[in-house]
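K.L.:
could you work out the structure for the sequence below:
(2 chains)
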2 protein chains.
Amino acid sequence: MDIQGFSLIGFGRGAAGGATWQATNPAAGEKLSPVFHSASSAELDGAARLASDAAPALAQSSGADRGKLLRAVASRLEGAAAELAARGNAETALPLARCNGEIARTVGQLRLFAGVAETGDWCDARIETAQPDRKPVPKPDHRSMFRAIGPVVVFGASNFPFAFSTAGGDTASALAAGNPVVVKAHPAHPGTAELVGRCVVDAVRETGFPEGTFSVLFDVGYEIGAALVGHPAIKAVGFTGSRKGGLTLMEIAAKRPEPIPVFAEMSSVNPVFVMPQALAARSATIAGGLLQSVTMGVGQFCTNPGLVVLEASPGATEFIARLADGMGAAAAEPMLTSGIQAAYARGVAERSAEPGVRVIARGTKGGPGCAETALFATDAATFLGRPALAEEIFGPATLVVECRDRAEMHAVARHLKGSLTATIQADSGDDGAELAARLAERAGRVLFGGYPTGVEVSQAMVHGGPFPATSDARTTSVGSRAIHRFARLICYQGFPDALLPPELQNSNPGGLFRLVDGQFSRGPVIP
Amino acid sequence: MDIQGFSLIGFGRGAAGGATWQATNPAAGEKLSPVFHSASSAELDGAARLASDAAPALAQSSGADRGKLLRAVASRLEGAAAELAARGNAETALPLARCNGEIARTVGQLRLFAGVAETGDWCDARIETAQPDRKPVPKPDHRSMFRAIGPVVVFGASNFPFAFSTAGGDTASALAAGNPVVVKAHPAHPGTAELVGRCVVDAVRETGFPEGTFSVLFDVGYEIGAALVGHPAIKAVGFTGSRKGGLTLMEIAAKRPEPIPVFAEMSSVNPVFVMPQALAARSATIAGGLLQSVTMGVGQFCTNPGLVVLEASPGATEFIARLADGMGAAAAEPMLTSGIQAAYARGVAERSAEPGVRVIARGTKGGPGCAETALFATDAATFLGRPALAEEIFGPATLVVECRDRAEMHAVARHLKGSLTATIQADSGDDGAELAARLAERAGRVLFGGYPTGVEVSQAMVHGGPFPATSDARTTSVGSRAIHRFARLICYQGFPDALLPPELQNSNPGGLFRLVDGQFSRGPVIP
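P.N.:
The predicted structure follows:
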C-alpha cells in the first residue's frame, strides 16, 4: 500500500492545508516519507458527523454482523502484516519481531471481541416478566441490557503502534459494542496508523457497515485531539499515554456542556515486593526476571516495574548487586520518540539528585535518542518522605527500596498510589497474606510471582486500576471486560415482542445467557 | 426513639457548635423539634477517617455477612415504621400512606441487595486457568472480579425521604458491594434521617461490622456536602437532586487531586408520545392516566411526565381539553420545601411568559407552599426553537407539544436531551418502531404504554439515562444493577488458592456463577 498522508474521513480522504510533518526513524534519526497533513476543523467535524450519522445503524446492528466486521479487520491486518511490521519498525524502532508479535496480539484481540459480539452475553440481558395480578400494584414486564453509547474517540498510543492504537483494544471493544470510532492517530507513527486505518475502512466497506463507522484523523499537534473530545457528537474517549495528556482530556470532557466518560490509562509504578524467603531461595532468578522486565522494549511499557521493595539483609545487598550487574551491562537502545527520551533523561537526572537516593548502576551509553538503563536505591524512610520517588519514570529505570522490617514494607505498600499492577515474590515461608490484601487495594492486577510486563488478552484480564493508573478503576483496557466502557444501560417496559431488540425478545434468537425472573437461562421466555 | 439532632459519627455522636436549624412541616408551616446541629469539619474528617479505616474489613467481608447487615437494617426499619412514617409525614407533607409505602419499598430494596450480596454473582468472577505449555509464552493463571471501591458518600434526596435517602438505594448498593457509607442528610427531613440512620448504626453493631461502616452528617448548608466530596478518603458519590447540585458535585469530584466518580441523577422531562391510533382509541384513558402521573406526589418525582407530544387533530384537541379539565380541577397541595415551591412557581411563570406557549389550565389555588398544577401547550416549531421548553419544571406541570405530522414528531424526539424515561402510547395501527428507536437513544427506560412514574425495584430496572438525566448513563440508581456503581475490577495472577478471595478459589465455596476458561459454571475448578 502506498502511504498518502491524509486523514481517513469515512470512505473519503482529508486534504492538504493543515500543518505538515514527517515521521522520524528513531533508530536512524532520519525522516520518513511521505509528508502527513494535519486535519482541519472542518474535517474533524465531518468525521464526527459521519460517526454520529452512523451511530444508530451500528447500535442496532447484530452482534453477528459486528463479529464479521472485526474478523474482516483481523484478516486484513494479517494479510498486510509484513508491510505493517516494516513501517511500524521504521517509525518506532521497536524490533520487527516485536512488531509482528504485536500485530498477532492485535489480531487476536479483534477476534476475541468478535467472539464477544457474536455470543452477545456481554449485553447482560435481564428480563422481568409481568405479574398483572400483583398487589398492591401490577408488575410491568421490563427488560434491560447494555447497548452502544455512541461515537467513541480513540487516541493512538506511542508505545503500542498496533495493540493500543488505530485498531487496538479500544477500537475493537468500541466497535464490538456497536459504536462508531474516530481515531486520533499518534503523530509518531502516522504511516502505521494510515496502513492499519485503511485495513479497517476496507473491512467496513466489505461488511456493509455505514460510512462513518470509522475514521482516522492526523494532527502533529494537540488541537484536533482536544477538539474531538469536546465535539458534541462524541460520547466517550479511550486514551493511553502520559498523565498530563490524560488529565487534560479528562478536564476537557468534564467541562463539556454534556460531560462524557474518559478512559485514560496514564502512569503506573508497578511495584514488585520481594519477601525474604523468596529472596533467599531465588535471588538470581528474581534478579534476572526483574532485569528482563525492566529493560524489555526499552522499558516503554505501562506495566514496567519501577519499584522493587525488599527487607534489608545481606541477601538483599547481594540481590541488588546482582541486579546492578545486569542493569549496568544492558545496552542503550533507541526510545520511541525524542520527546520520550528527553523526559526519561530528565526523570533519571532528577532522581539521581534526590537526597538519600543512590545511583547503583547505569547501562552502557548509546547514541542520541537512546536510553541508558538506571538502577536506584534508597531506604524506606527516604521513600516515604519524598513523594516524587513514588512517581513513574517512563523507561528502563527502577528504584529499589530497602525496608528495615515487615512493618516498613507494609507502610510502603500503604503509601503507594494506584497502579496497574503490584507483584509479590514470596515463598511458602513468607506470610504474604497481609501484603497481598494491601496491594489489592491499590492495583488493578496483583501478581503472586512472575513479573508485571506481559498482559494476557483474555476474559479475565484487568488492565486498569485506581487513579492515577487510570481515570476509572471500574473498567479495563485489555480483555473482554473492556466492552462495558463503551456501553450504557437501556430498559424496555411493556414493549411488544416485535419492537424489542432481538437480545430481549421472548424467543431468544441468539441463545443469549439471560437473567429471567432471577434465573439464568439460555432458553426462550414463554410469555 | 427520641430525636437528638446530632450527626451520627460511627458509633458516636456529633456535638453542638455548628449552625443550627429545625425542620419545617410544609403542610402546617410550623417548625418541628428538635434543633439540628450542623457537623463541624473535624466531625466530617472523623466520619471519613472511620470509613476509611473500616473499608478493608468491609471489602473483605463475606457476602453472607453483608446480607445479614442489610437484612438487619430492613428489620429495624420495619420495626420502627410507624414512628418513621409519622416523622417523614411531618417533615415532607407526603401523606402517611405514601411514607409507609416508601418504607416498604426501602425495606424491599435492602432485601434485594441482601440477596445480591449473598448470592455473590454480581462480582462477575472470571477464571482463566494456566497453560504452562502454551507457545510462544506460557499462559498464567489469572482470575478477576468486582470488589468494593471504598468509602461512598450518599446524599439524601428531598423527594424520597426513605427510598433515596439515608438507607435508600445508594446506601443499600454501596453496603452490598462492601463499602462504608457516609450519608449527608437532606436538611429538609433531618429527623427522618436520624431515625433511619440510628436503625442502620444499630444494625452495624448487631452484625459486628466495624465502627465507620456508616455515618450520617447533618448540615443546614452546602459546606459539609462539598467537603465530603472533596475528602481524600471518599472514593465515590451518589446523589439525587437538582441539576445545579449535581453539576456542582461533579465539578468538585473532577477537580480533586484524585478524581472520583459521581453518580448524580439530576433532571428529566420524561416525554410521553401519544400516537394517533392510540389517541383515537383511548383518549379518555390516556388523559386520565397522564393526569394521575403528572399530579401524584405533587409532581415531585424524577419520572414525572413533563412533556406530552402528539399529532394535531380534532381528537388531539379533545384530548387536550380532557386533560385540561382534570388539571384544572386538581387540588393544590403542599410541596416538600419552600425552596422547591418557589422554584416551581418561578418555572411556571417563566413558561407562561414564553412566546408561543399557551396556558391551558391551572389547578385550584392553595395556601403558601402549595403548588397549583399547570398545563401548557405549544406547537412543535415553537418547541424546537426554544431550548427552555425542553427543560424540566419540577412539580405538577406538563407541556403538550402539537406536531403537524409524524416527521415533526420524530424531530421533537431527536431534539430531546437525555431523560430517565420516554413513553410511547401506540396501538396496533400506529407504527411506533422508528419512534421507539429514536427514544431508546435518549432515555434509560422506554415505555410502551403505561406512565413513567412508578419505578419497579428489580434485577432488570434501569433508572438512569444520558446526560442531563444523570452523570453516567452506564449505570442505574434503582435495581440490582446499581451495585456496580460502587465496585471496581481486580485481577489476581498466579495466586495460591488460599490467598485468593473465596469468590475466586478453586472450590467455589459460595457456588458462584463464574466464567471459567470461557464457560459459565457454578462448579469448582479442578486445578
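
K.L.:
from here on, just use CA atoms for contacts and neighbour counts.
P.N.:
OK.

K.L.:
so A:Gly212 makes contact with A:Val183?
P.N.:
No. Between A:Gly212 and A:Val183 there is no contact under C-alpha atoms under 8 Å: 11.5 Å.

K.L.:
so which bits of the stretch 201-350 of chain A are right by chain B?
P.N.:
Residues of the stretch 201-350 of chain A lying close to chain B by C-alpha under 8 Å from any C-alpha of the partner chain are A:Glu251, A:Ala254, A:Glu258, A:Pro259, A:Ile260, A:Pro261.

K.L.:
what's the longest helix that chain A contains packed up against?
P.N.:
Longest helix in chain A, counting residues (DSSP state H): helix A:96-119. Identification of packing neighbours for helix A:96-119 by 3 or more C-alpha pairs under 8 Å, 6 or more residues apart in numbering or on different chains; DSSP states H and E yields helix A:63-79, helix A:81-92, helix A:169-176.

K.L.:
and it, what's buried?
P.N.:
A:96, A:99-119 (16 or more other C-alpha atoms under 10 Å in any protein chain shown).

K.L.:
residues contacting it, please?
P.N.:
Here helix A:96-119 makes contact (C-alpha atoms under 8 Å, 6 or more residues apart in numbering or on different chains) with A:63-71, A:73-75, A:77-78, A:81-82, A:85-86, A:88-89, A:122, A:160, A:162-163, A:167-169, A:172-173, A:176-177, A:457-458, A:479-480, A:510, A:512.

K.L.:
tell me, which of those residues make contact with chain B?
P.N.:
A:Ser458.

K.L.:
out of the contacts of helix A:96-119, which end up buried?
P.N.:
Buried among these (16+ other C-alpha under 10 Å): A:63-71, A:73-75, A:77-78, A:81, A:85-86, A:88-89, A:122, A:160, A:162-163, A:167-169, A:172-173, A:176-177, A:457-458, A:479-480, A:510, A:512.

K.L.:
residues touching the residue lying closest to A:Ala329 once chain neighbours are set aside, list them.
P.N.:
Closest residue in space to A:Ala329, ignoring its immediate chain neighbours: A:Gly363 at 5.6 Å, by C-alpha to C-alpha, 6 or more residues apart in numbering or on different chains. If you count contacts by C-alpha under 8 Å, 6+ apart, A:Gly363 has them with A:Met327, A:Gly328, A:Ala329, A:Ala330, A:Ala331, A:Ala332, A:Glu372, A:Thr373, A:Ala374.

K.L.:
cutoff 10 Å now
P.N.:
A:324-332, A:371-375, A:396-397 (C-alpha atoms under 10 Å, 6 or more residues apart in numbering or on different chains).

K.L.:
can you tell me which of those are in strands?
P.N.:
Using DSSP state E, the members of these that fall within strands are A:Ala371, A:Ala374, A:Leu375, A:Ala397.

K.L.:
farthest pair in the residues you listed?
P.N.:
Spanning the widest gap among those are A:Ala371 and A:Leu375, at 12.7 Å by C-alpha to C-alpha.

K.L.:
residue of the stretch 201-350 of chain A closest to chain B, please.
P.N.:
Here the stretch 201-350 of chain A gets closest to chain B at one residue, A:Glu258, 6.3 Å apart by C-alpha to the nearest C-alpha.

K.L.:
any idea which helix or strand carries that residue?
P.N.:
If you go by DSSP states H and E, A:Glu258 is not part of any helix or strand.

K.L.:
now it: how far from B:Leu8?
P.N.:
Distance of A:Glu258 to B:Leu8, given as C-alpha to C-alpha, to the nearest Å: 36 Å.

K.L.:
so between the two, which is more surrounded?
P.N.:
B:Leu8 (25 against 18; other C-alpha atoms under 10 Å in any protein chain shown).

K.L.:
and the helices in the stretch 101-250 of chain A?
P.N.:
A:169-176, A:190-206, A:223-230, A:243-255 (DSSP state H, counting those that start in this stretch).

K.L.:
tell me the most buried of the ones you listed?
P.N.:
helix A:169-176 (a mean of 30; mean count of other C-alpha atoms under 10 Å in any protein chain shown).

K.L.:
quick one on the thing from earlier: turn the helices of the stretch 101-250 of chain A into JSON lines, columns for mean pLDDT.
P.N.:
As requested, the helices of the stretch 101-250 of chain A are exported to JSON lines (pLDDT from 0 to 100):
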{"stretch": "helix A:169-176", "mean pLDDT": "98"}
{"stretch": "helix A:190-206", "mean pLDDT": "98"}
{"stretch": "helix A:223-230", "mean pLDDT": "98"}
{"stretch": "helix A:243-255", "mean pLDDT": "97"}
